[in-house]
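> Provided below are the primary sequence and the corresponding predicted coordinates.
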Amino acid sequence: MKPIPQADHFPLIQRLTQACGGSYRPEQRRRYFITGPQWAAAYEGQAVFHAPTRPPIGFEDVIRRFAEIGIGYWCTHDTDVIPYDALFQDRQWEITGKIKESLDANGLKCSMVTTETFHHPVFAAGPAAEAPAIREYAKRRLANTVEIGHTLGAQFAVYWPGTLGYQVQGAVEETQTLQWYAEGLNHACETDIAVAARHNRPTLKHCLEAKPFEPAAEILLPTSDAMLAFISSGLLKHPDMVGLNPEYLHELMWGAAPRAALARALVCGKLFHFDINDGYRLKHDVDIGIGLINPLDWLCVLVLLRSHGYAGPFNLDYKPPRTTSQEGVFAVSFPTAVDRFITLWEMAGEVISDSVIKDATEALKAGGEPEDPSSAQSVFEAQRELLTLHELIAHRLFQILIGQHRGRTFSI
Ligand code: GCO
Ligand code: MN
Ligand code: MN
């Protein structure tokens, strides 16, 4: 095979992307509450073992390209867009002003802001370290992000605690550290109440995001369930303002059924925000685009959320692969992730109205009537045939996933 001339590479990718079909128009994509993170689009491909594969890109280009794709909302860490030496300075407000201009010019909204409390060496011992000066600094950053959020018109603030944990045991006293972490959140909520009043806006929804295995060896709040317990622990002064931003892969990583983790957040009224991506169980945080690994599981997740009227953001918190070029990030990686989400969401609607699944579910709920309700054997026998429907429903979901319910056939 002859090498392909450089100039033909991108046209080839474009032709094959078009040949894939199934893409939605930007106006269609904008109907969904899909949010695009600055950090995902600007991810350069670097990691512990990896040098960057893509050049840096600023918010102007990211916002413009999200607009072209039809991603209607943008979100950011404070330091994705504000260099450390500009934080708390006039320059931070100049940058914020420019972001606002970019968003307005491109018809995007800022959905969420989040504070980076994990990358800079000041957070080496975590955002709730022993030294009061570190915790005071973290509080200033959280308060500053709340102020930026209101200035940009955000509705949500997200907190991924980073190194809230330890490498070696015994030095960190967990109850104390959790108390300190709560103090940071209390400060953010109290600042929010004052700032929201000043801006004449509702307060933000403060969303905790758990991740089980990184970046510390042991994590104090490793799962969404741990965070639910933390929210109702009594340590938070405004637990009503605080909910969850579960991430699909973060729940899968520790071996959970993500849909069941989301269900637990739903019954607590705490599913505020949702980071969407994909990956593998019991591995590290590979942040692959939604639906590429577990499409059937994803379909089931979206059935749950659709049937419960979840109306929060779907945040594309994944990492375009290192093998994807910067052009590829916007021409392939983001639009195809958005389109898989939309397809799965619409499919979830088909599942909800599918007559086979409806009839089967209703039959399971009606159950059979035992001759003797006090006899285990009689109760069992009355249900024996109906319980087969569990597997039939799973089969039907597979058919819907691959289009067999619409008559797609495979010849043998
Ligand atoms: C991760 C996390 C982050 C957070 C982000 C928002 O995978 O490292 O999911 O991407 O979502 O820091 O706070
Ligand atoms: Mn992740
Ligand atoms: Mn995330």
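Received the coordinates, thanks. What you are looking at is a predicted structure, and each value in this text was computed from that prediction instead of being measured. Ligands and ions are numbered 1, 2, ... in the order given.

> What parts of the stretch 51-200 of the chain come near ligand 1?
Applying CB under 6 Å from any ligand atom, one finds that the stretch 51-200 of the chain approaches ligand 1 through Thr114, Val158, Trp160. C-beta: built from backbone N, CA, C; applies to glycine.

> all strands of this protein, in order?
All strands of the chain, identified by DSSP state E, fall at 34-37, 73-77, 109-114, 156-159, 165-166, 205-208, 218-219, 242-244, 274-275, 314-315.

> Out of those, flag the one nearest ligand 3.
strand 274-275 (3.8 Å; CB to the ion).

> returning to what we had before: most surrounded residue in the residues of the stretch 51-200 of the chain next to ligand 1?
Val158 (29 neighbours; other CB atoms under 10 Å).

> can you pull the pLDDT of it?
The predicted local distance difference test score for Val158 is 99.

> Okay, the closest residue to Gly107 other than its chain neighbours and ligand 1: tell me how far apart.
Sequence neighbours aside, Ala67 is the residue nearest to Gly107 in space, at 6.1 Å (criterion: CB to CB, 6 or more residues apart in numbering). Note on Ala67: its distance to ligand 1, by CB to the nearest ligand atom, to the nearest Å, is 22 Å.

> give me every residue that touches Ala67.
Pro26, Asn106, Gly107, Leu108 (CB atoms under 8 Å, 6 or more residues apart in numbering).

> ok, 10 Å please
Counting by CB atoms under 10 Å, 6 or more residues apart in numbering, Ala67 touches Pro26, Arg30, Gly36, Trp74, Ser102, Leu103, Ala105, Asn106, Gly107, Leu108.

> closest to ligand 3 among the residues you listed?
For those, the nearest to ligand 3 is Gly36 (12.9 Å; CB to the ion).

> Just the pLDDT for the closest residue to that closest one other than its chain neighbours.
In space, Gly36 comes closest to Ile71 once its chain neighbours are excluded; the distance is 4.2 Å by CB to CB, 6+ apart. For Ile71, the pLDDT comes out at 99.

> give the contact list for Ile71.
Contacts of Ile71 by CB under 10 Å, 6+ apart are 26, 29-30, 32, 34-37, 41, 62-63, 65, 108, 316, 330, 334-335, 337-338.

> okay, the strands of the chain in CSV with distance to ligand 3 next?
Shown next, in CSV, are the strands of the chain (distance: least, CB to the ion, whole Å):
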stretch, distance to ligand 3
strand 34-37, 8
strand 73-77, 10
strand 109-114, 9
strand 156-159, 8
strand 165-166, 17
strand 205-208, 10
strand 218-219, 14
strand 242-244, 11
strand 274-275, 4
strand 314-315, 7
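
> That'll do, ta.
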